[in-house]
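K.L.:
Sequence first, then the predicted structure:
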2 protein chains.
Amino acid sequence: MVSADQAFAGRSVLITGGLGFIGSNLARRLADAGAQVTLLDSLLPQFGGNLFNLAGYEERVRVNIGDLRDEYSINHLVQGQDFIFNLAGQVSHLDSMHNPDADLEINCRSQLYLLEACRKHNPAARILYTSTRQVYGRPKFLPVTESHPLEPADINGIHKQAGEWYHVLYHRIYGLHTTSLRLTNTYGPRMRVVDARQTFLGLWLRQILNHEPLTIYGDGQQKRDFNYVDDVVEALLRVAVTPATEGQIYNLGATDPVSLLDLARQLLSFAGTGSYQLVPFPAERKPIDIGDYFADFTKIRTAIGWQPAVSLVEGLPRALDYYRVHHKHYW
Amino acid sequence: MVSADQAFAGRSVLITGGLGFIGSNLARRLADAGAQVTLLDSLLPQFGGNLFNLAGYEERVRVNIGDLRDEYSINHLVQGQDFIFNLAGQVSHLDSMHNPDADLEINCRSQLYLLEACRKHNPAARILYTSTRQVYGRPKFLPVTESHPLEPADINGIHKQAGEWYHVLYHRIYGLHTTSLRLTNTYGPRMRVVDARQTFLGLWLRQILNHEPLTIYGDGQQKRDFNYVDDVVEALLRVAVTPATEGQIYNLGATDPVSLLDLARQLLSFAGTGSYQLVPFPAERKPIDIGDYFADFTKIRTAIGWQPAVSLVEGLPRALDYYRVHHKHYW
């Protein structure tokens, strides 16, 4: 089996949200594989984009600062791309409730612009979209399969599902080469840690390194699954080079779901210091919390043989080490 | 049991899309019941709004011409309303594919404006939203229940599902008093018949009265279910006065699904004249056609005892008679 990396040598790749957490890790891997990488990122302050995420790779990728809500630029940017990793999005659940209109613009309208641009100017491109477990809402059964009912728990989940459906529809109607991955919690180097917009785990890393107690909402018994970012990048690359996955939707997930309390304890033990505190759910977070969640990822394992390679025991210390060294670039 | 009509005497009611097909039939019934009715309608030319739909009721309802995409007017219009029947929308499947951005504006952004206006200015209002069977896509089983997987067949279906989810979410998070009905084909007096934007059945009525052959796409074997508009109005009113339906989603449907060919033959026999022709599916319609569809409406029957009262044998001649008399106001 040819490794995914070899398939990208000399190929043109566009990554939307490319200065963000997953986008920048993907960009670095693709640059190493010899791809011609263009990043599109808006660098909106509440989002995940950070120029430091490219440290050491500044000369090896092309950075195009721009907003996907700009209908016209994207018509140019998609041209000539062999692969488009469409990762740009508003990801904060709370922000989507406070400003549903902005979430609509970014997670729906922009996605239509991008797909229309591909339909008109580059229908041959391979397109990967990153969706979210938030589309399922509060799980009715565990682990959650792709056929679990869709009942988004917040505005962000509603709009991300629309974005995913656009991608699937443009495959079915226009033959665009799209696939969607429904991500669960992703963590690792280059995530946003200044606040909990990307995940609470990012915030915890900052709290540990700032010698503050970790804040856990509720009793900490909620179970969740976590993917180290390298595993998510691996899934994106391998799906991208597997035509049989076109038009499909796949969960990512992990084999070792943990309670938030256990996760906090593991993190503190790797850090060798610190404490946690249980605090009541903030009033505005409680109604959009989804409780226990972990995914069944049998479908993608069957399709491309993917499964996570990096356990929490390996991944958490790596993430801690990254921010220990580079924290001044992140908060 | 108090009839639904009595519950509306003296109450204030806003109907968005109130000059359209279902909206105007609802408005007339509510005016007869003694409600204070305000209609909001944009009268966009490709939509269903028609001032003649109010003929005889011009002095009995208040008409407010305006576009739901106007963020500010709606803040005023929702105030003081006991009931809001939120029927406004872009309904053409083909138009949504040609202009997805306009469909997004009308079926998503406007819905957020309306719900935000209610949350801020009138959280006590009872709100009914009309969704569509299009959210299910091509049925995987028949009849289609509310738990059938959601796989919208076109952009319109994606956006209508987002609009429905907004309503359910604003109930769950903010306690707004919302219910959604998923409508199937609705027909009867005051529907748009100048083209097939609302339903092909409207177009057929015009073709018969114009002495043109009815055009049936494909082999005419697709089975569908049809509701006479009075039955849909009855469902809206009865759900509106049943608090136990808040936060819920209900299919409407009929007990007598028919093939399009049989429907055409029935219509021609009631008309006493005319012919039909089978024509190949237009290239742009074929991929968004959903094949056989008919709904299971057990859930709403159980909740409020609703079932259709008007069969095709009764309803088709009534619809024909209406347009025979009033055609000059419709094409």
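P.N.:
Noted; the coordinates are in hand.
K.L.:
Please count neighbours and contacts with C-alpha atoms only from this point.
P.N.:
OK.
K.L.:
For residue A:292, give me its contacts.
P.N.:
Residues in contact with residue A:292 (Cα atoms under 8 Å, 6 or more residues apart in numbering or on different chains) are A:138, A:139, A:222, A:223, A:224.
K.L.:
what about the strand or helix carrying residue A:95, distance to the chain center?
P.N.:
Secondary-structure assignment from DSSP states H and E places residue A:95 in helix A:93-98. For helix A:93-98, the separation from the chain centroid amounts to 17 Å (computed by Cα atoms, centre = their mean, to the nearest Å).
K.L.:
So which elements touch the helix or strand just after it?
P.N.:
With elements assigned by DSSP H and E, the helix or strand that comes after helix A:93-98 is helix A:100-104. Packing contacts for helix A:100-104, counted by 3 or more Cα pairs under 8 Å, 6 or more residues apart in numbering or on different chains; DSSP states H and E, involve helix A:93-98, helix A:155-174.
K.L.:
Run through who's touching helix A:100-104.
P.N.:
Contacts with helix A:100-104, where a contact means Cα under 8 Å, 6+ apart, come from A:90, A:95, A:96, A:155, A:156, A:159, B:109, B:112.
K.L.:
Assign residue A:180 to helix, strand or coil.
P.N.:
Secondary structure of residue A:180, reduced to three states by DSSP: H, G, I helix; E, B strand; the rest coil: strand.
K.L.:
so how far is residue A:126 from it?
P.N.:
Counting by Cα to Cα, to the nearest Å, the gap from residue A:180 to residue A:126 is 11 Å.
K.L.:
Looking at the two, which has the bigger crowd around it?
P.N.:
The neighbour count for residue A:180 versus residue A:126, taken as other Cα atoms under 10 Å in any protein chain shown, is higher for residue A:180 (26 against 23).
K.L.:
what sits up against stretch A:41-49?
P.N.:
The contact list for stretch A:41-49, computed with Cα under 8 Å, 6+ apart, reads A:16-21, A:50, A:63-68, A:88, A:90-91, A:191-192, A:197-198.
K.L.:
Buried ones among these?
P.N.:
Buried members of those, scored by 16 or more other Cα atoms under 10 Å in any protein chain shown, are A:16-21, A:50, A:63-64, A:66-68, A:88, A:90-91, A:191-192, A:197-198.
K.L.:
Sort out for me which of those are in strands.
P.N.:
For those, membership in strands holds for A:16, A:63, A:64, with DSSP state E as the criterion.
K.L.:
could I get those as CSV with distance to chain B and pLDDT?
P.N.:
Compiled in CSV, these are given as follows (distance: Cα to the nearest Cα, whole Å; pLDDT from 0 to 100):
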residue, distance to chain B, pLDDT
A:16, 20, 97
A:63, 28, 96
A:64, 25, 96
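K.L.:
residues from the stretch 201-331 of chain A in reach of chain B?
P.N.:
With Cα under 8 Å from any Cα of the partner chain as the criterion, the stretch 201-331 of chain A comes near chain B at residues A:287, A:288.
K.L.:
for the stretch 201-331 of chain A, what spans make up the strands?
P.N.:
Along the stretch 201-331 of chain A, the segments classed as strands by DSSP state E, counting those that start in this stretch run A:214-217, A:223-224, A:226-228, A:249-251, A:258-259, A:276-279.
K.L.:
Select, out of those strands, the one closest to residue B:248.
P.N.:
Nearest of the strands of the stretch 201-331 of chain A to residue B:248, taken as Cα to Cα: strand A:249-251 at 27.2 Å.
K.L.:
How far away from the center of its chain is that closest one?
P.N.:
Between the centre of strand A:249-251 and the centre of its host chain there is 13 Å, according to Cα atoms, centre = their mean.
K.L.:
Just list what it packs against, helices and strands only.
P.N.:
Under the contact rule (3+ Cα pairs under 8 Å, 6+ apart), strand A:249-251 is packed against strand A:177-183, helix A:298-304.
K.L.:
can I get the CA coordinates of the last one in PDB?
P.N.:
In PDB, the C-alpha atoms belonging to helix A:298-304 read as follows (Å, rounded to 0.1, in the frame of the first residue of the first chain):
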ATOM      1  CA  THR A 298     -16.200   1.100  12.600                       C
ATOM      2  CA  LYS A 299     -17.200   2.700   9.300                       C
ATOM      3  CA  ILE A 300     -14.000   4.500   8.600                       C
ATOM      4  CA  ARG A 301     -11.900   1.600  10.000                       C
ATOM      5  CA  THR A 302     -13.600  -0.700   7.500                       C
ATOM      6  CA  ALA A 303     -13.200   1.800   4.700                       C
ATOM      7  CA  ILE A 304      -9.600   2.800   5.000                       C
END
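K.L.:
Can you mark which positions in it are buried?
P.N.:
Residues of helix A:298-304 classed as buried by neighbour count (16+ other Cα under 10 Å): A:298, A:299, A:300, A:301.
K.L.:
Quick check: closest non-adjacent residue to the third one.
P.N.:
This points to residue A:300. By the measure of Cα to Cα, 6 or more residues apart in numbering or on different chains, the closest residue to residue A:300 outside its immediate chain neighbours is residue A:250, 5.8 Å from it.
K.L.:
contacting residues around the one you found?
P.N.:
If a contact means Cα under 8 Å, 6+ apart, then residue A:250 has A:146, A:180, A:181, A:182, A:297, A:299, A:300 as its contacts.
K.L.:
Ok, residue A:239 next?
P.N.:
When contacts are counted by Cα under 8 Å, 6+ apart, residue A:239 touches A:179, A:245, A:304.
K.L.:
was I right about the last one contacting residue A:240?
P.N.:
No: in this structure, residue A:304 sits apart from residue A:240 without contact. The criterion is Cα atoms under 8 Å, and the distance is 10.4 Å.
K.L.:
what's around residue A:282, how many residues?
P.N.:
Residue A:282 is surrounded by 10 other residues when neighbours are defined as other Cα under 10 Å.
K.L.:
now the closest residue to it other than its chain neighbours: how far from chain B?
P.N.:
Taking Cα to Cα, 6+ apart as the measure, residue A:282 lies nearest to residue A:217, with 7.7 Å between them; neighbours along the chain are not counted. For residue A:217, the distance to chain B under the criterion Cα to the nearest Cα, to the nearest Å works out to 18 Å.
K.L.:
Give me the neighbour count for residue A:217.
P.N.:
Neighbouring residues of residue A:217 were enumerated by other Cα under 10 Å; the total is 20.
K.L.:
related to what we said a few turns ago, report pLDDT for the residue nearest to residue A:300.
P.N.:
On pLDDT, residue A:250 comes in at 98.
K.L.:
Mind listing the residues bridging to it?
P.N.:
Beta-bridge pairing of residue A:250 under DSSP bridges involves residue A:181.
K.L.:
would you list every one of the helices in chain A?
P.N.:
With DSSP state H as the criterion, chain A has helices at A:4-8, A:21-32, A:73-77, A:93-98, A:100-104, A:110-121, A:155-174, A:200-209, A:229-240, A:260-271, A:298-304, A:312-326.
K.L.:
Which residue, other than its chain neighbours, is closest to the residue of the stretch 201-331 of chain A found nearest chain B?
P.N.:
Each residue of the stretch 201-331 of chain A has a distance to chain B, by Cα to the nearest Cα, and the smallest belongs to residue A:287, at 6.0 Å. Once flanking residues are discounted, residue A:287 sits nearest to residue B:173: 6.0 Å by Cα to Cα, 6+ apart.
K.L.:
what's the closest of the helices of chain A to residue B:150?
P.N.:
Closest approach to residue B:150 among these (Cα to Cα): helix A:155-174, 9.9 Å.
K.L.:
now the closest one and helix B:110-121, what's the angle there?
P.N.:
Regarding helix A:155-174 and helix B:110-121, their directions subtend 170 degrees when assessed with axes from the mean of the first three to the mean of the last three Cα atoms, to 10 degrees.
K.L.:
Fine by me, thanks again.
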